[in-house]
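Undergrad: everything below, folded, please.
(chains A and B)
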Amino acid sequence: MVSLDLLLNALAAGLLLGGFYAAVSLGISMAFGLLDIVNIAHPVFVILGSYAAYIMNARFGFDPILTGVLFTPVFYVLGVVLYRIYYASFERKGAESLRGLVFFFGVLFIVEVSLLLAFGVDYRMVEARYIGESIHIGPVGLAYRLLVPFVVGVMLTGALYWFLARTFYGRAVQAVAQDAFALRLMGANPFKVKSIAFGLAIATAALAGALLIMIGPVEPALNREYIGRVFAVAVLGGMGSISGTLVAALLLGVAESLTATFSGPSWSVAVSFAVLLLALAVRPAGLFGR
Amino acid sequence: MMWTWTRSRTCAVLAVIAALVFGAWPASAQEPIKIGFGMALTGGLAAGGKSCVIAMQLWADDVNKKGGLLGRKVQLVYYDDQTKGATVPGIYSKLLDVDKVHFVVSGYGTNLIAPAMPIVMERKLVFPALFGLANNEKHNYPGYFQIMPAGPRPALDWTNTFLEVAIRQTPKAQTIAIVGADAEYPHNAIAGMRENVKKAGLKVVYDSFYPPTTVDFTPIARAIKALNPDIVFVASYPPDTAGMVLAAHEVGLRPKLFGGGMVGLQFAALLTKLGPKLNGIVNYDFWVPEPTLKFPGIDEFLKRYQAQAAKEGVDPLGHYLPPWAYSYVQVLGQAIEGTKSLDQQKVAEYIRSKEHDTIVGKVKFGGNGEWAQSRVLQVQFQGIDSGDIAQFHKPGKRVVLWPEKFKSGNIIYPYEKALK
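TA: Below you'll find the model as predicted:
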């Protein structure tokens, strides 16, 4: 029998998990959906963000979220540099599709091996007073370890949505996504616009990584477990749709949580992907895709 | 005179030929005895795998300092299996056909031992194995020798120790929740637990696997809490172990007994980060620094290991895997010396028939290549007040509850009492 308490808690846990999934998937959605760059290395930048949070926490006692915010500009610059290399090597020559994929595979392995060499293979965690504690609102218990990522994930989504919808550069990014050639005819420089957008996509990984290590232990090869999940969220939401990414992430989070609570956790992944397939059958471009 | 000179010269030439043919040559000039294996140096089990390599290298150094085995140096040949079973058959084929190793031993863990079994069995090799749970259950291969002290019925004996602790407590436990990762080790452990639970007459109120990629464990902990079991048995790998311990605290899961088969609670990385949240958990282990488990050579080994581990950034405690990684090659080395042979069958027969002195105590294998008698420990985390690593070097923090022979303290029961 389904108890109301359990149902409310499962829904709440699912929403919190969804907020975290959104934070991890936003970068993919921007790069893949808006810029047409198959950045499969995105999860490894999330792990890089986790290690930044770990170092600052272990050495200086910094809160992981603070580290995430501090490292966002660093990751932005990293993203811009990475895009410039990608552009000069592949996109400018029109060889971005398959070779670009191989390039990002290479980036993934280089970052992963560098982390292995620098930090070894041990699992790393961060310490913060709120990790392992929870707040209770009526019958619903919310773990801070998931509540904080949810809040940050939603705020990050809101900030990116605002940037794309309300700023000049944001609109320019959307214009690039629609027709880069037309944008060039208008006198704008698609390369510059795309490098800003890609920088932002990688910048989200700094925060997402901080959220990830807050939730559980991290090791360099963990990124591979997230590749499928973040692409699933981005595709379900509709490629390039920021609000769609959040809705899809929340949907998958709730589906996972409800399944884990009421039908046993072994079904949770299957149910999530069933939701994805069902949604794509009805709306092939994703929930909010055009 | 001429005849004498010629005879001396002939004798010298014959002596050189004899030395070349029969091996009476200085040890350093001979081909080393090569021991090959795949090991998880990247991927999910890499933290353990790397610490094993350090321990095995320490053994090889010890042996070589004493002149090697059969007068020949020992050389370890190993490759990264990436914690992927799919890489294992290729690695062992290369070790045997290209590197021409004399012996193979397993990598670390059930999932990485299983894919090596067919090739080892086909070539009738002696196969010392490291921390595989019930890998030989179906094959019953006579050359398999597994160093983890899970006992002759590994799937049953492993989990039975947890229930042995449970059934001795008052108030008596009536119900149990069983949960584990959807992977080989938890499957084997939980299969054994289900049988043990039947015998113990406990009622199973929750029994489920979760995908290894699970991020949030609070729905699982909450679903278990809603059923209010007396015992919660968890068979998990390190990331999920951390997830389950944190989730149990966050949702207020308070069974009478919690733990059992959580991998990760033996490593410094998790011990130091979970700190006081570990108090009260009863979990399996194989060696802890309690006075009842001080075997000859273990302290000296750990000192050397810890110095090396600090440089290589792996588990700084080294209580869990490294002593066993040292011991399984120690047993192989003793068998090679004991038989004065590299013959696979003779070495296997020696390992099977003798009791071996190792740094983890006396090791005797049973008919199926598992320990003749289980020595799985159940330890309880007690009095942990911080994440300071120094406390885990000392006795009294992981108190041995079972088996009686090695018991070093009393349980704090129920679980909730230990949290206060």
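Undergrad: now do the SS call for the closest residue to A:Val38 other than its chain neighbours.
TA: Once flanking residues are discounted, A:Val38 sits nearest to A:Leu101: 5.1 Å by CB to CB, 6 or more residues apart in numbering or on different chains. Glycine gets a C-beta too; all of them are placed from N, C-alpha and C. What DSSP: H, G, I helix; E, B strand; the rest coil gives for A:Leu101 is helix.
Undergrad: where do the helices sit along the chain?
TA: By default, I'm working from chain A. Remark: helices assigned in chain A by DSSP state H are A:4-28, A:42-60, A:64-89, A:97-119, A:144-166, A:168-185, A:190-215, A:223-237, A:242-262, A:268-282.
Undergrad: can you look at chain B instead?
TA: Using DSSP H, helices in chain B cover B:2-22, B:46-65, B:88-97, B:110-113, B:117-122, B:154-167, B:184-200, B:218-227, B:238-251, B:268-274, B:298-312, B:322-339, B:344-353, B:415-419.
Undergrad: got those helices as a markdown table, with distance to B:His139, mean pLDDT and mean neighbour count columns?
TA: Listed next are the helices of chain B as a markdown table, based on distance: least, CB to CB, whole Å; pLDDT from 0 to 100; neighbours: other CB atoms under 10 Å in any protein chain shown:
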| stretch | distance to B:His139 | mean pLDDT | mean neighbour count |
| --- | --- | --- | --- |
| helix B:2-22 | 38 | 51 | 10 |
| helix B:46-65 | 23 | 95 | 22 |
| helix B:88-97 | 15 | 98 | 18 |
| helix B:110-113 | 11 | 92 | 26 |
| helix B:117-122 | 6 | 97 | 17 |
| helix B:154-167 | 13 | 90 | 22 |
| helix B:184-200 | 14 | 92 | 20 |
| helix B:218-227 | 34 | 96 | 24 |
| helix B:238-251 | 28 | 95 | 26 |
| helix B:268-274 | 33 | 92 | 23 |
| helix B:298-312 | 32 | 94 | 16 |
| helix B:322-339 | 18 | 98 | 24 |
| helix B:344-353 | 14 | 98 | 19 |
| helix B:415-419 | 38 | 93 | 17 |
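Undergrad: ok, back up a step: and of the helices of chain A, who's closest to B:Lys84?
TA: Closest of the helices of chain A to B:Lys84 is helix A:223-237, at 10.5 Å (criterion: CB to CB).
Undergrad: pull out the buried residues from that closest one.
TA: Within helix A:223-237, the residues that count as buried by 16 or more other CB atoms under 10 Å in any protein chain shown are A:223-224, A:226-227, A:229-237.
Undergrad: kindly export that helix (C-alpha atoms) in PDB.
TA: Written as PDB, here are the backbone C-alpha positions of helix A:223-237 (Å, rounded to 0.1, in the frame of the first residue of the first chain):
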ATOM      1  CA  ASN A 223      32.600  10.600 -15.800                       C
ATOM      2  CA  ARG A 224      31.800   7.600 -18.000                       C
ATOM      3  CA  GLU A 225      28.800   6.700 -15.900                       C
ATOM      4  CA  TYR A 226      27.300  10.200 -16.500                       C
ATOM      5  CA  ILE A 227      27.700  10.300 -20.300                       C
ATOM      6  CA  GLY A 228      24.500   8.300 -21.000                       C
ATOM      7  CA  ARG A 229      22.500  10.100 -18.300                       C
ATOM      8  CA  VAL A 230      23.300  13.700 -19.300                       C
ATOM      9  CA  PHE A 231      22.700  13.000 -23.000                       C
ATOM     10  CA  ALA A 232      19.400  11.400 -22.100                       C
ATOM     11  CA  VAL A 233      18.300  14.500 -20.100                       C
ATOM     12  CA  ALA A 234      19.400  16.800 -22.900                       C
ATOM     13  CA  VAL A 235      17.600  14.800 -25.600                       C
ATOM     14  CA  LEU A 236      14.400  14.400 -23.600                       C
ATOM     15  CA  GLY A 237      14.300  18.100 -22.900                       C
END
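Undergrad: what's the pLDDT at residue 102?
TA: Defaulting to chain A. Listed pLDDT for A:Val102 reads 90.
Undergrad: chain B is the one I meant
TA: pLDDT, B:His102: 98.
Undergrad: can you check A:Arg171 too?
TA: Per the predicted model, pLDDT is 92 at A:Arg171.
Undergrad: quick one, what contacts it?
TA: When contacts are counted by CB atoms under 8 Å, 6 or more residues apart in numbering or on different chains, A:Arg171 touches A:Leu164, A:Ala165.
Undergrad: can you tell me the residue of the stretch 151-290 of chain A closest to chain B?
TA: A:Pro265 (3.5 Å; CB to the nearest CB).
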